[in-house]
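Chemist: Test case, fold it:
(chains A, B and C)
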Amino acid sequence: MNIVVCMKQVPDTTEVKIDPATGTLIREGIPSIINPDDKSGLEAALVLKDQVGAKVTVLSMGPPQADLALREALAMGADDAVLLSDRAFGGADTWATSTTIAAALRKLGFDLIICGRQAIDGDTAQVGPQIAEHLKLPHVSYVSELELKGDSVVVKRVFEDGYQRIKAKLPCLLTALKDMNSPRYMSVAGIFDAYKKEIKVWGLADIVVDETNIGLKGSPTRVKKSFTKGVKSAGKVYEVDAKEGARIIVEALREKYVI
Amino acid sequence: MDFQTDKEHSLLMSMYASFAEEEVKPLAKEVDEEERFPVETVEKMARYGMLGIPIPKEFGGAGGDNLGYVMAVEAMSKVCGTTGVILSAHTSLCAAPIYEFGTPEQKQKYLPALAKGEKLGAFGLTEPNAGTDAAGQQTTAELKGDHYVLNGSKLFITNAGYADVYVIFAMTDKSKGTRGISAFIVEKEMPGFSIGKKEEKMGIRGSATCELIFENVKVPAANLLGAEGKGFGIAMKTLDGGRIGIAAQALGLAQGAIDETVAYVKERKQFGKSLAQFQNTQFQLADMQAKTDAARLLVYKAACCKDAKLPYSVEAATAKLFASETAMEVTTKAVQLHGGYGYTREYPVERMMRDAKITEIYEGTSEVQRMVISANMLK
Amino acid sequence: MNISDYRGVMVFAEQRRGSVQKIAYELLGVGRRIADTLQEPLVALLIGSKLPDSAAKELIAQGADKVIVVDDPALDVYMTEPYAKAMTKAIDTYKPGIVFTGATTIGRDLAPRVSARVKTGLTADCTGLEIEDGTRNLLMTRPAFGGNIMATIVCPEHRPQMSTVRAGVMRKLERDETRKGTVERLDVKIEAKDKNVEILEVVVEKATKKNIEDANVLISGGRGMGNLDNYNRLQGIADELGGLVSASRAVVDAGWVGQDKQVGQTGKTVRPDVYFACGISGMIQHIAGMEDSEFIVAINKNASAPIFEYADIGIVADINKVVPALVEELKAAKAAS
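Modeler: Just a heads-up that it's a prediction; the model follows:
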C-alpha cells in the first residue's frame, strides 16, 4: 500500500510576536515546524506502516528550506520524500497549490492520501479537499480516527455537534486533525539516516500541469493588502459599582464579537 | 576548525529538546521530591534510540556518535538532572566499556539489549575505602575453574537495582596493586549479587544510588572484560568517557537554570520595573551565559575528540572541571536572581543547584580533574 | 468566463437534522448588506431532505429575496459529494457573483470542493466583507498567521467570489415576517455513484468537556472569591459565554477545584480569546500562565492589584457583586440579539 502524506512547513505561529513599537510582525527567529495537523497525518500513516507495512512518502511544496521538514518526516519513519520547489509555483493560492500538488500525486501514484486539515499560517482547510477534487477522489475531512479495513478506510469524521463514522474505499483522501494522535518523535537512528537519503526535488519540468493554472498567475485570488491588528492598547481600569462594571464588560465583549 | 553544528546534530538537538520539554520536564519535580526513579522515561528514551546513541547499528545502537550522545545528556539535564545521569551512567559507564573492551561474543551478548534499552547498565568501581583512590579495591574475584567468585561490596552505584548489567571491578591479585584489578560483566540475576542500602541524597534524587553486595557470586570466566589485571586501565578509560557525559550533565543544568532565570526576570517586577531591566540582572545573566557557552565548547570538543579517535583524557577532565564548576556557580546565581522564590520548591532552580553539586564530585572530583590536567602540563 | 453574467449573492443555508443553523441567518445578514450595496438579489440555498416549508419562510423573514431548495432523500445527512453536486448545480444555474458559506465543519468541507470544481477562488474564515468602490469586487478580510495579521483578499477575474464566513462575527437582521420572497425548487439528480463514501454511523453529542487550554473563554477565580459557593457561581458566566471555569493556585490549594483547572507557573498556560481574572491579584506565577490571552478582563476590589497592569479592562469592585450583575447583563444581551 502506498500512502502519500502532504505536508507543509510553517512558521510556529504561537511564537509570533508583534513589535510593540511598529505594530508589525516580527518574523525573525520564528522556528519552522511541520504543520501540526500534517504531523498527525504523518503519524497516522506511520501507524498503518507499522501495522500493515505500507510505504509512506511525504510530499511538500515550498522553498528549498522546506527540506528540513521532510528530513524530519524521514527521521520519524517515512520512506521517501519529494519536495515540489520551483519559482513558477510561488505565490500560489489554495486553488493553484492544490492543482500543483495534484499533478505531483498523479506522478507518484497512491492508494491513500493524507493531508492535515489546515495549516497554522493560513488556516484555510482548503488544499486537501481541493486536491481530492482535482484528482476526482472521494475525500473525508476532519478525521480524528483512522482504521484500515480491507480495501477501505473507516474513519471518525468530527463535527461541532457530534461525529460520523465513515467508510471510504481506497483510493481516497483524508484530512487529519492534530488531536488524532500524538506524533512520535524522530528517532536517533532515523535522524542519522535521514541525511543519508536523497530527497527528490521536482520542479515545473518534472510534473504535468498547465502552466496557466499554477503559481501567482494561476491563482484566482490575490492578497490586496495585509495589516496587523496593531499594538494592544493599554488597558482601562474603572472604579465603578458592580452593575456599571458588568455593563462595561458586556459592552467590551460585544465590541470583540464575543457576544 | 568548524564551530557550526551540522544538520544531523541540529535535528538531534531539536528532537531532544521537544522530548525533554514534553516527556521529561513534567516529571522532574516529582522525581526529585519523591526520590522516584523515572522508569517510564527510561522506556521512552529506549523507544527513540537514546540508550544506544554512539553504539553502531550492528550492535543494536543508533549508529550515532559521542557528540550526539552528549547533546542528549545536556538536553535531558536541562530539565531534569536525574534523567541526565541515568542516561550518562548507562551509556558511558556500561555500554561504552563493553563496546570498547568486550570480546565479539560479549558485545553480541550484551550490547544489543543495552543499546536498545531493553536492559539498563551500571558501573561499580567505588568502595567504602576506594573512592578517588580506586586502587584500594577490597572486592575480590577468585578464578575457580570456568568461573570467578566475587566477594565484597560497592558504594554509590548509579542505576543500582534498576540496571540489569553491571561492569564491576575486583581484585584478582591483591599483591599486584592496580595491576591486580580486573573488570567483569555481572548480571543482576546472578546468585549472591544483591542491592544494599539506598542513599538519601542532596540532589539527583530520582537516580537510584545504592550499595552493591557480592557474596560468592559466580561469574562465568567468559564475562571477564579485557584481560585479567587490566581492569584499572579499563576503569580509567571508561571514566574518561564518563566525564564527558557528566560534563554534559553539568552543562545542561547550567543552561536550564539560565533559561528559567531569563523567563523569571522578564516577569518579575520590583520597584515598578521588571528584574530584567536592572543592570545587575543583565550583567549576572551575561556572565552566566558566557561561562556556559565556554563550557559547551569544551564538552563538545571532548566528545568530538573521542569520535575522531584522538586522545581525550585531558579534554574530558578539562570539560568536566569547567562545566561542573560553571554549573555550580550559574545555578547558585540563578537562585539568587530568583530571590526568595528561588529558595522555594515552586521554582526549579533550587533543584538545579542541588543537582549541580554532585557534578563536582562524582566520576572524579574537581581535584582529580585538576590533577589530570596539571599532570599533562608538567610531564 | 464573462464576469458580468454573474449577479447576486448566494448564501448556503446550512441545516442539520432539518433545522437551519444560526450561521445561515448571519450569512443572510451580511449578504443583505452586500446585495443592497450592489443592488442585486440575495438568495439562500437550502439543501436537504424533507425540509419543512417553514424553513424557507424563515430564511425570507431573515433577509433572503429568494430561497432555492434542493430536496432529495440522498441529501438527508451531510455527505460531501452529493452536497457538492447540488451546490455546483445551483451555481451553474443561478450564476451568483458571490457565494457565502459558513466557516463550519460542513462549510469548510463543502466550499473548497465546490470552488475547485467551478474553478474559482475561495477565501476562508472571513471576518470582514465589503464591496470595493469602483470595481464592485468583494473585499474579503480574514485573520492569518495564527490571528497575528489580517489579510484582505480579492478574486477579481473569477466568479463566483466565494468565501467561508466565521460564525458569530456577522450580525443577523431583525426578523421580519412581512418580508416578501420566492421559493424555487432545483432538481439535482443524485446518483448512487455520487454517494462515494458510506456513512456507517451518525452520532450527535453535546459539546464534550474540554481542557482549559482549548477553551475560547476562561473564567478564572482566585482567592478573592472568598469561598467555594462564590467560586462555583462563576459557572454562570461561563455558561453564558460558552466558556470554562479555571482557577489560580490559591483556589486549587484550597481544594475547591482540581489541579487540571489551574492556570499559571505550576499549572497550565492558556491563551483564550477572553480571560476573566476574578478576585485574582495577579502574582507573577499566575501571569506567566495567562498573559498571552487575547483579551483580559480583571475584576478585583483592590485597585493596586498587579493584575490590572495586564488587563484590557479592569473593574475595581467586589467580584461577588459583579458576578450576578454580569450574568444578568449577559442574559439581557442574549435576549436582545
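
Chemist: where does the stretch 51-200 of chain A dip in pLDDT?
Modeler: Within the stretch 51-200 of chain A, no range satisfies pLDDT under 70.

Chemist: Quick one: name the residues of it near chain B.
Modeler: With CB under 8 Å from any CB of the partner chain as the criterion, the stretch 51-200 of chain A comes near chain B at residues A:68, A:71-72, A:75, A:184-195. Every C-beta, even on glycine, is put in place using the N, C-alpha and C of the backbone.

Chemist: Show me which of those residues are buried.
Modeler: Buried members of these, counted by 16 or more other CB atoms under 10 Å in any protein chain shown: A:68, A:71-72, A:75, A:184-194.

Chemist: Provide the secondary structure category for B:Gly206.
Modeler: Under DSSP: H, G, I helix; E, B strand; the rest coil, B:Gly206 falls in the coil class.

Chemist: ok, now the one 4 residues further on?
Modeler: Three-state assignment for B:Cys210 (three-state DSSP): strand.

Chemist: So what's the residue count around the nearest residue to B:Lys174 once chain neighbours are set aside?
Modeler: The shortest distance from B:Lys174 to any non-neighbouring residue, by CB to CB, 6 or more residues apart in numbering or on different chains, is to B:Gly180 (5.7 Å). B:Gly180: 20 surrounding residues under other CB atoms under 10 Å in any protein chain shown.

Chemist: coming back round to it: nearest to B:Thr209, out of the buried ones among the residues of the stretch 51-200 of chain A next to chain B: which one, please.
Modeler: Closest approach to B:Thr209 among these (CB to CB): A:Val188, at 26.8 Å.

Chemist: That closest one touches B:Asp65, doesn't it?
Modeler: No. Counting by CB atoms under 8 Å, B:Asp65 is not a contact partner of A:Val188; they are 10.3 Å apart.

Chemist: Which neighbours do these two have in common?
Modeler: B:Ile53 (CB atoms under 8 Å, 6 or more residues apart in numbering or on different chains).

Chemist: Mind listing what's buried along stretch C:312-328?
Modeler: Buried residues in stretch C:312-328, counted by 16+ other CB under 10 Å: C:312-323, C:325-327.

Chemist: ok, and does the helix or strand of chain B with the lowest mean pLDDT reach over to chain A?
Modeler: Of the helices and strands making up chain B, the lowest-confidence element is strand B:269-270, at a mean of 82, by mean pLDDT, DSSP states H and E. No. Strand B:269-270 is not in contact with chain A by CB under 8 Å from any CB; minimum separation 15.8 Å.

Chemist: OK, contacts around the residue nearest the centre of chain C?
Modeler: Nearest residue to the geometric centre of chain C (CA atoms, centre = their mean): C:Ala167, 1.8 Å. Residues in contact with C:Ala167, defined by CB under 8 Å, 6+ apart, are C:Lys22, C:Ile23, C:Glu26, C:Gly102, C:Ala103, C:Thr104.

Chemist: Among those, which lie within helices?
Modeler: Under the assignment DSSP state H, the contacts of C:Ala167 contribute C:Lys22, C:Ile23, C:Glu26 to helices.

Chemist: count of neighbours near the last one?
Modeler: Residues lying near C:Glu26 (other CB under 10 Å) number 23.

Chemist: For it, which non-adjacent residue is closest in space?
Modeler: Nearest to C:Glu26 is C:Met170, by CB to CB, 6+ apart, at 4.2 Å.

Chemist: Contacts only, for the most centrally placed residue in chain B.
Modeler: Among the residues of chain B, the one closest to the centroid is B:Ser88, at 3.4 Å (CA atoms, centre = their mean). By CB under 8 Å, 6+ apart, the residues touching B:Ser88 are B:Val73, B:Gly242, B:Gly245, B:Ile246, B:Ala248, B:Gln249.

Chemist: And it, how far from B:Met15?
Modeler: Distance, B:Ser88 to B:Met15, by CB to CB, to the nearest Å: 18 Å.

Chemist: And B:Tyr166, by the same measure?
Modeler: Taken as CB to CB, the span from B:Tyr166 to B:Met15 is 30 Å.

Chemist: that older thread, what about the residue nearest to the centre of chain C, which SS state?
Modeler: For C:Ala167, the assignment made with three-state DSSP gives coil.

Chemist: Quick one, grab the pLDDT at it.
Modeler: pLDDT, C:Ala167: 83.
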